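1. Mind looking at a prediction? Sequence and model below.
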Amino acid sequence: MNYTLEKISELFEVEYKGDKNYSIENVSSIENANENSIVFLSEKKFLKSLDKSKARVVITTKNLSKFCKNNILITDNPYLLFAKISQIFNKNLKNDYEVHDSVITYTNPLSKKLHIEPNVVIGKNVILGDDGYVGANSYIGNNVKIGKNATIYANVTIYKDVEIGDNIIVHSGTVIGSDGFGYALEKNNWVKIPQVGSVRIGNNVEIGSNTSIDRGTLDNTLIGDGVKIDNQVQIAHNVKIGNNTAIAGCVGIAGSAKIGKNCMIGGGAGIQGHIEICDNTQITGMTKVSSNIKEAGIYTSGTPLMHNKKWLRNAVRFKNLNELFVKFKEKNKSK
Amino acid sequence: MNYTLEKISELFEVEYKGDKNYSIENVSSIENANENSIVFLSEKKFLKSLDKSKARVVITTKNLSKFCKNNILITDNPYLLFAKISQIFNKNLKNDYEVHDSVITYTNPLSKKLHIEPNVVIGKNVILGDDGYVGANSYIGNNVKIGKNATIYANVTIYKDVEIGDNIIVHSGTVIGSDGFGYALEKNNWVKIPQVGSVRIGNNVEIGSNTSIDRGTLDNTLIGDGVKIDNQVQIAHNVKIGNNTAIAGCVGIAGSAKIGKNCMIGGGAGIQGHIEICDNTQITGMTKVSSNIKEAGIYTSGTPLMHNKKWLRNAVRFKNLNELFVKFKEKNKSK
Amino acid sequence: MNYTLEKISELFEVEYKGDKNYSIENVSSIENANENSIVFLSEKKFLKSLDKSKARVVITTKNLSKFCKNNILITDNPYLLFAKISQIFNKNLKNDYEVHDSVITYTNPLSKKLHIEPNVVIGKNVILGDDGYVGANSYIGNNVKIGKNATIYANVTIYKDVEIGDNIIVHSGTVIGSDGFGYALEKNNWVKIPQVGSVRIGNNVEIGSNTSIDRGTLDNTLIGDGVKIDNQVQIAHNVKIGNNTAIAGCVGIAGSAKIGKNCMIGGGAGIQGHIEICDNTQITGMTKVSSNIKEAGIYTSGTPLMHNKKWLRNAVRFKNLNELFVKFKEKNKSK
């Protein structure tokens, strides 16, 4: 890979200033750049760091470009262009098609355009699209269908019957298609309800590490196109997530919740079962969503951070908050 | 599998109305039923969906049966009966006994009535009861004892010395018997306390995916009979959980906490270390339990969901809540 | 292993009372001790249990030793001494050097002083220091460097390029080096930012089960020496954690947060992205840290536990808390 300033400018159709033959070899943070790094500058406050940096190529806005020396790529959204340029410098995991001898597959033949690492186990009637990569020790159950260009890292588990679109990325430790948490109560005993639905995941979805997505009880758990799910997320049975919604780490979404399109769910938030959240909603971190959201906006629950001693004094008052309101009302009535 | 309305009625000892020879081939949601599906109706509001459905067999109460056409099974608890009928339609993972050639076991011989998938590794002196299933790439450590009819999915890890009863179900990614989080502080350094206890799990327990159950420090972590644990749950060392308690996704239970029988712990709740919770307690989702619970009931912490702007105004006031109480008291005294 | 009271006293340089030849064979809780167990007593309230116990050797303080019979080891910090003595009774996983025939390694040769269990997969150019143990079905990616005396349990995943110091312990299901959650927004679509940084972990770190540590976007995610991380923890890209900080179960730390040295983060706490927390800070369980902490101390958010009915009455008032403050101020002004 050898890219010049001019070539990058042509590839992404953006304006440049500087030495057209300047060689760009890697993407970097401003701090750790070398002379052939490309960096991005989206806020004026980082100019000081840029001055100290070895970077000689910067992606920035027209406005900020006035303060930059050397080689510049000009765009309205420096971070977005940086993301796209980064992709061309990211080494490809799938540089050859090879199914390791130790792979055990009950589906024969598989596509010839696959890279499958050691000890992967693949069930019956599996469809794995071209240009797929499966990392070591992963398991793909019977009748699973996965589209083209999949990247499934090591130690992933996909249960039977799950269907996934193109360009999926699944990080290690993640489990897709485990049973939903469904029981009927008989006296004090829980009677298991077999979870006979499955999971359907659209195109261009990324799922982080150690995340769980349960299969539906009768119908399917549904993850839309372009959804991005972080690490340690729990998605219960029959949840529906609209296209392009992003879900940060440690979020829990209870059974049959329905989340709209283009939502952003902050880390550690919890969505109660059967809740509906409309399109374009943002939930801040660690918020509990216990009622439907019908109007797009930013939603929060919880209390702010305090010194524990101060918190204790306030928290004990919270226990009598209703009483205070009642007394206050009485006092004001009585005058 | 071919079941008629009459046969199902006999098997579960419930009354039926309609065509005794009507064939039932699968369980379904009302929406996705076909003509040979069996569905359940437990609330009147779903009658409209039932009218539009292709379903011709419905499980319902005597009361609601008046509004239903076709073939009906009558019971006080339609969902419970549906759960039981579902089980007979759920395909058996263990339809044959086979230990795959790639399995590596240091225990010989194992029971002959096992189905063990590829690349499973089994330690020394392991006891695995009859009719057990172990999914691909799982690991079972030395001296582990597991009762009859186990279902252990792919990529599960069970550390040495763990003991588990009959009918266990463990979903993928779950870890049982990892070290508890125990250290003694020496100046600023943490000195590890070897975790030499183990984990004891009763009969009829189900554990979801990517859950962690730590071994005890000196004594055992104890999970009672009939306990149901969802995905992404953390159970620390020396926790004790009483029979038939259900724990939803993302719950964290800190060290030496003791939870009674028949409790229901909502998703994302946190139980502080050494806390005791009495039988029949319900904890709502994302509640922090920081004090003992000695009386059965429903318990909650947190604040309700708000628009972020409104939340900010209220949250900042929470910081001065004690002050408000004090001032209010003063004002009322002074009159 | 056979240790006498005198030998233990010599090894740890502490005073003893009693029969110097008394044989100590195991560490135990007071409740489950046998006659050759050693137990510890750090609080007077456990004297009653000690009286009923079969234990004949107790570690305690000079002060409490007056109430103890039999054989005694005297120290200022009984729990710490117990931790150290426990370590000598904890069986070594690495009692022989053996790389199982089924191990697939692209690095040849590996160190000869390793114990590697079945089905482990090791990438190219890996360095694994002497006296390392790797459990079954774990995966270690290309160019990973791990120091001496590592203990990596079964089903662990370490992505390429991760660097780890000496004496690491990693429990099962944990993933180190998965991609950070980084995207740039283009209209409604998320454009992935390749995560080309890595993870650097210091010496003497322990990481629990099913924890996730993401690689940095451009620079590295950094975990200092002596850091202890529990189960189900999420550490996002570019997080920095100072030496000897302890992080309990279910904690989530968002991108680029910087946590100081010797901090203690309680279970289920959440740290917002880009937050800085100073040295010696304690965060209580389930607290949300949404602002920088510049002064050491104990910090908390949330509300206390209540009966749900009472909570509902108070929680609804929280929605109008600002209004109450405003009205109260008005009333007092107007007089």
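-> Looks like it arrived, so ask away.
2. C-alpha from now on. contacts and neighbour counts both.
-> Will do.
3. okay but A:Gln87 is in contact with C:Val191, surely?
-> No - counting by C-alpha atoms under 8 Å, C:Val191 is not a contact partner of A:Gln87; they are 9.6 Å apart.
4. Not including adjacent chain positions, what is the nearest residue to the closest residue to chain B within the stretch 51-200 of chain A?
-> Chain B sits closest to A:Ile193 of the stretch 51-200 of chain A, with a gap of 4.5 Å, by C-alpha to the nearest C-alpha. Among residues not flanking A:Ile193 along the chain, B:Ala83 sits closest, at 4.5 Å (C-alpha to C-alpha, 6 or more residues apart in numbering or on different chains).
5. Shouldn't that neighbour be within a helix?
-> Yes - counting by DSSP: H, G, I helix; E, B strand; the rest coil, B:Ala83 is located in a helix.
6. Was I right to think A:Ile168 contacts A:Ile223?
-> No - in this structure A:Ile168 lies outside contact range of A:Ile223 using C-alpha under 8 Å: 11.6 Å.
7. ok, the residue nearest to A:Ile193 - how many residues close by?
-> 21 (other C-alpha atoms under 10 Å in any protein chain shown).
8. mind checking pLDDT for it?
-> At B:Ala83, the model reports a pLDDT of 93.
9. And A:Glu13, by the same measure?
-> Confidence score, pLDDT, at A:Glu13: 96.
10. now swap in A:Ser301 and tell me
-> pLDDT at A:Ser301 comes out at 97.
11. Report the separation between it and C:Gly302.
-> As judged by C-alpha to C-alpha, to the nearest Å, A:Ser301 and C:Gly302 stand 9 Å apart.
12. Between those two, which contacts overlap?
-> By C-alpha atoms under 8 Å, 6 or more residues apart in numbering or on different chains, A:Ser301 and C:Gly302 have these common neighbours: B:Gly302, B:Thr303.
13. Who has more neighbours out of these two?
-> Taking other C-alpha under 10 Å, A:Ser301 and C:Gly302 do not tie; A:Ser301 has more neighbours (25 against 22).
14. In the stretch 1-150 of chain A, what residue comes closest to chain C?
-> In the stretch 1-150 of chain A, the residue that lies nearest chain C is A:Ala83 (4.5 Å; C-alpha to the nearest C-alpha).
15. Just list the residues touching that residue, thanks.
-> C:Tyr183, C:Ala184, C:Val191, C:Lys192, C:Ile193, C:Pro194.
16. and A:Leu312, which of the three is it?
-> Put simply, A:Leu312 is helix when judged by three-state DSSP.
17. now the stretch 1-150 of chain A, which segments are flagged as low pLDDT?
-> A:1, A:91-95 (pLDDT under 70).
18. Those residues of it touching chain C, which are they?
-> Taking C-alpha under 8 Å from any C-alpha of the partner chain as the contact definition, the stretch 1-150 of chain A meets chain C at A:27-29, A:32, A:79-80, A:82-84, A:86-87, A:90, A:118-119, A:136-137.
19. ok, of the residues you listed, which come out buried?
-> A:27-29, A:79-80, A:82-84, A:86-87, A:118-119, A:136-137 (16 or more other C-alpha atoms under 10 Å in any protein chain shown).
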